[in-house]
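> The amino acid sequence is not available; the structure is as follows:
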């Protein structure tokens, strides 16, 4: 996708708004390399696809209306897997045949030896490739965008590649990104032994649309208050009807118009500045960059503070006198003049009232104030002797507390930091097996999944690492062999069976836990 959908702005206007907002690039160009927006439950859908692409033998279909963002989600899915995995991306087009698609897949996996292999030869090579996997083989993933252009023969051929795969050695996985009407065509094929998991990519809601536009601005380098809100975006959102390119075009046009400030706004007067700050479209102030406007606002604030607080010399002089009295060992004569303004009885009451607040001051009190507050000193000094006592009492009590800590093994503190579920998994025999149900990058989503399950008391979770980030895994059951674990899949709740559970030996899980916990 390109930015051809936009009206071609002048190079001067484009440069103006980039400089105005401090942008490193155009934030609303349609591109598969644009930052991925995870709002509107798109990140959760990405996590589901990542999990099913590894552990499920089903055909996955992501359905959505044109312009909903399917291609960007497909690109993010492809980039989320390791470099050693076998990845194939296919862009379907009208009129493409089964031979075209299968040849591209086989070539991507380096399986083509014949110059013009037949469809049968391609299917045989791909079946051997997908069904002869062992634990050392990497993942093989095929992602087909615009899959609604595929004909029935091509769809049937893809489904046959998933038939008969060993549940413990699933290697080949296929994900289709298409418009919604593909779901009916897949149902009519009724391929025995192959499940189809379809997901619908919802269009962005109005709040998500405003958040999405602000996200694109920040990703392009914008620093400042959010420019887009629901009131501004609502008409664009209705007109776009779920199509992101249309939303991009409206926001792009608004940016161009925002830097074309009317001549009446270029006077630089203070009322004009206030009016601009009270509006959403801040850019109408003399075409200044946002950071310049912020600096001007700060400067005006400082000047106003100086104006309001700098006129009363009398109050400032009395404040300065108090500071000198508290901090100078030898007060000037002006201090004595100021103290003579008060009645001696009032000065004594004032000193008694202020004494508790000034106990923490380390500076010496002036002779004049010490003399006036002398009658109150005995009452304030009475609690002083009691202060050293509590500081000396804890000294003998600290020794017996530290002794047992030093006697405990250093491994105890490490063990206490390991969650209970992981301690259980570490205590099982390394040769045992368990069923992995779910893996996700969000700990909160894993907690919610466990809480919603009828057998939640039997589920355990542990933390591992994936692509440098925490990855949270849910497992169920303890079995003596891989065969026993596979047989137990049929007894799991339906939602867990649909997630594509698979057996894992405890030895591998224990190694991952020990690596994360530093054991």
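Perfect, thanks for sending it. Source: prediction; values computed, not measured. Numbers count the residues shown, from 1 in each chain.
> in the stretch 301-450 of the chain, which ranges drop under the pLDDT threshold?
By pLDDT under 70, the weakly predicted segments of the stretch 301-450 of the chain are 302, 306-416.
> With the chain instead?
Within the chain, the segments meeting pLDDT under 70 span 1-15, 132-137, 164-170, 261-295, 302, 306-416, 467, 498-499.
> the domain parsing of it - what is it?
42-200, 264-311, 325-352+365-374, 414-517 (automatic domain parsing).
> Dump these into TSV; add distance to residue 29 and mean neighbour count as well.
Glycine gets a C-beta too; all of them are placed from N, C-alpha and C. Converted to TSV, these look like this (distance: least, C-beta to C-beta, whole Å; neighbours: other C-beta atoms under 10 Å):
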stretch	distance to residue 29	mean neighbour count
domain 42-200	12	17
domain 264-311	20	13
domain 325-352+365-374	61	14
domain 414-517	27	16
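> Format these as JSON lines; extra columns: distance to residue 231.
Shown next, in JSON lines, are the domains of the chain (distance: least, C-beta to C-beta, whole Å):
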{"stretch": "domain 42-200", "distance to residue 231": "23"}
{"stretch": "domain 264-311", "distance to residue 231": "8"}
{"stretch": "domain 325-352+365-374", "distance to residue 231": "54"}
{"stretch": "domain 414-517", "distance to residue 231": "31"}
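> residues making contact with stretch 113-129?
With contacts defined as C-beta atoms under 8 Å, 6 or more residues apart in numbering, stretch 113-129 is touched by 98-99, 102-103, 105-106, 109, 111-112, 140, 157, 160-161, 171-172.
> Quick check, residue 90 in contact with residue 142.
Yes: counting by C-beta atoms under 8 Å, residue 90 sits close enough to residue 142 to count as a contact (6.8 Å).
> Now for these two: what residues contact both?
Common neighbours of residue 90 and residue 142, counting by C-beta under 8 Å, 6+ apart, are residue 105.
> Residue 242: which of the domains of the chain is closest?
Proximity to residue 242 (C-beta to C-beta) singles out domain 42-200 among these, at 5.4 Å.
> quick revisit: list just the nearest of the contacts of stretch 113-129 to residue 16.
Checking the contacts of stretch 113-129 against residue 16 with C-beta to C-beta, the nearest one is residue 105 at 47.0 Å.
> show me the contacts for that closest one.
Here residue 105 is in contact with 88, 90, 122, 126, 142 (criterion: C-beta under 8 Å, 6+ apart).
> What of residue 163?
Residue 163 neighbours (C-beta under 8 Å, 6+ apart): 191, 192, 193, 194.
> how about these in CSV, adding secondary structure?
CSV is the format used below for the contacts of residue 163 (DSSP: H, G, I helix; E, B strand; the rest coil):
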residue, secondary structure
191, coil
192, coil
193, coil
194, coil
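> need these in CSV with distance to residue 81, can you?
Shown next, in CSV, are the contacts of residue 163 (distance: C-beta to C-beta, whole Å):
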residue, distance to residue 81
191, 26
192, 29
193, 26
194, 22
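> Look up the closest residue to residue 63, ignoring the ones flanking it.
Of all residues not flanking residue 63 in the chain, residue 180 sits nearest, at 4.6 Å (C-beta to C-beta, 6 or more residues apart in numbering).
> Which of the contacts of residue 105 fall within helices?
Among these, DSSP state H puts 122, 126 in helices.
> now the strands for the chain?
Using DSSP state E, the strands found in the chain span residues 59-63, 86-91, 140-145, 172-178, 196-200, 433-440, 459-466, 469-479, 502-505.
> Can you check what angle separates the third one from strand 172-178?
Between the axes of strand 140-145 and strand 172-178, defined by axes from the mean of the first three to the mean of the last three C-alpha atoms, to 10 degrees, the angle is 10 degrees.
> any chance of the strands of the chain in TSV, plus distance to residue 491?
TSV is the format used below for those (distance: least, C-beta to C-beta, whole Å):
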stretch	distance to residue 491
strand 59-63	25
strand 86-91	33
strand 140-145	30
strand 172-178	25
strand 196-200	21
strand 433-440	10
strand 459-466	14
strand 469-479	9
strand 502-505	14
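> for the ones you listed, which one sits closest to residue 44?
strand 433-440 (8.5 Å).
> which secondary structure elements does that closest one contact?
Under the contact criterion of 3 or more C-beta pairs under 8 Å, 6 or more residues apart in numbering; DSSP states H and E, strand 433-440 touches helix 42-55, helix 443-451, strand 459-466, strand 469-479, helix 482-488, strand 502-505, helix 506-517.
> got the contact list for the second one?
Here helix 443-451 makes contact (C-beta under 8 Å, 6+ apart) with 44, 47, 438, 440, 456, 459, 461, 470, 472, 474.
> of all those, which two lie farthest apart?
456 and 470 (21.4 Å).
> Identify, from the contacts of stretch 113-129, the entry nearest to residue 481.
Nearest member of the contacts of stretch 113-129 to residue 481, counting by C-beta to C-beta, is residue 171, at 21.9 Å.
> list the contacts for the residue nearest to residue 435 when sequence neighbours are not counted?
Nearest non-adjacent residue to residue 435, counting by C-beta to C-beta, 6+ apart: residue 501, 4.5 Å away. With contact taken as C-beta under 8 Å, 6+ apart, residue 501 is in contact with 55, 435, 436, 437, 476, 489, 492.
> residues contacting the spatially closest residue to the first one that is not a sequence neighbour?
Spatial nearest neighbour of residue 55, chain neighbours left out: residue 500 (4.4 Å); criterion: C-beta to C-beta, 6+ apart. By C-beta under 8 Å, 6+ apart, the contact list for residue 500 reads 51, 52, 55, 56, 57, 58.
> hmm, 7 Å instead?
Going by C-beta atoms under 7 Å, 6 or more residues apart in numbering, residue 500 touches 52, 55, 56, 57, 58.
> and which of these is nearest to residue 296?
Using C-beta to C-beta, residue 52 comes nearest to residue 296 of these, at 53.6 Å.
> how about the helices and strands packed on strand 433-440 in JSON lines, adding distance to residue 240?
Shown next, in JSON lines, are the helices and strands packed on strand 433-440 (distance: least, C-beta to C-beta, whole Å):
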{"stretch": "helix 42-55", "distance to residue 240": "17"}
{"stretch": "helix 443-451", "distance to residue 240": "29"}
{"stretch": "strand 459-466", "distance to residue 240": "35"}
{"stretch": "strand 469-479", "distance to residue 240": "33"}
{"stretch": "helix 482-488", "distance to residue 240": "48"}
{"stretch": "strand 502-505", "distance to residue 240": "41"}
{"stretch": "helix 506-517", "distance to residue 240": "44"}
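> Compare the ones you listed and give me the one nearest residue 204.
Per C-beta to C-beta, nearest to residue 204 of the helices and strands packed on strand 433-440: helix 42-55, 8.9 Å.
> Turn the contacts of residue 500 into JSON lines, columns for distance to residue 187.
Output for the contacts of residue 500, formatted as JSON lines (distance: C-beta to C-beta, whole Å):
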{"residue": "52", "distance to residue 187": "19"}
{"residue": "55", "distance to residue 187": "24"}
{"residue": "56", "distance to residue 187": "18"}
{"residue": "57", "distance to residue 187": "18"}
{"residue": "58", "distance to residue 187": "14"}
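> give me the beta-bridge partners of the closest residue to residue 91 other than its chain neighbours?
Using C-beta to C-beta, 6+ apart and skipping the chain neighbours, the partner closest in space to residue 91 is residue 145 (5.4 Å). Here residue 145 sits in beta bridges with residue 91, residue 177, going by DSSP bridges.
> surely residue 145 meets residue 72?
No: here residue 145 does not reach residue 72: they are 10.2 Å apart, not a contact under C-beta atoms under 7 Å.
> quick revisit: which of the domains of the chain sits closest to residue 210?
Taking the domains of the chain one by one with C-beta to C-beta, domain 264-311 is closest: 11.1 Å.
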